[in-house]
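[1] sequence below, structure please.
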Amino acid sequence: MAKDIYHDTVRRALEADGWIITEDPLKLQLGEQSVYVDLGTEALMEAEGTGRKIAVAVRSFLSPSPVEDVQRTIGRYVLCPPLLKEQHSGMSLYNALQEAAYKRVFESRDGQKREGSSPLSGFTFAHIEGERKHTPFALA
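    Next up, the predicted model:
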């Protein structure tokens, strides 16, 4: 599986925030085929003594067609949650989108028209080495 150009940036930001990378990449099985999500992570919730687990799909949205990038992202949201539920109980899928790409694609006039039309969620990150800024988003 080829890594997204921001894969290592997102991994370092998650680790800096206390997330433990449990799988890189996270492998899921669909019959005899393998499906990969960029990162499997866990954060210990001290008050509860349990861990919160998330699968993180790193998305650069750098292809010539942002619509194709959105299609691939939505396709992952259709395919992966049932596999995560079956194979990694309690793990949720999140997208990590570079902040400028998120603004270009989802805060544009066309992007605002589709807001609420699919169950995408995740966080944005600033592509500045050492930067830990990330902002949650949900388009559902």
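[2] at which residues are the strands of this protein located?
    Per DSSP state E, the chain has strands spanning 20-23, 26-30, 33-37, 39-45, 50-59, 92-98, 121-125, 134-138. These are given in chain order.
[3] go through those strands and pick out the most buried.
    Comparing those by mean neighbour count (mean count of other CB atoms under 10 Å), strand 92-98 ranks first with a mean of 22. The C-beta positions use only the backbone N, C-alpha and C, and glycine is treated the same way.
[4] neighbouring strands for that strand, and are they parallel or not?
    In the sheet, strand 92-98 lines up against strand 50-59 (parallel), strand 121-125 (parallel) (DSSP bridges).
[5] show me the contact partners of it.
    Strand 92-98 has contacts (CB atoms under 8 Å, 6 or more residues apart in numbering) with 6, 10, 37-38, 53-61, 73, 76-77, 80-81, 84, 120-127, 134, 137.
[6] save the strands of the chain as TSV, and put in mean pLDDT and distance to Leu14 too.
    Output for the strands of the chain, formatted as TSV (pLDDT from 0 to 100; distance: least, CB to CB, whole Å):
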stretch	mean pLDDT	distance to Leu14
strand 20-23	95	7
strand 26-30	97	13
strand 33-37	96	13
strand 39-45	86	6
strand 50-59	87	7
strand 92-98	89	8
strand 121-125	78	9
strand 134-138	54	9
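[7] next, format the strands paired with strand 92-98 as a markdown table and append distance to Leu97.
    Converted to a markdown table, these look like this (distance: least, CB to CB, whole Å):
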| stretch | distance to Leu97 |
| --- | --- |
| strand 50-59 | 5 |
| strand 121-125 | 5 |
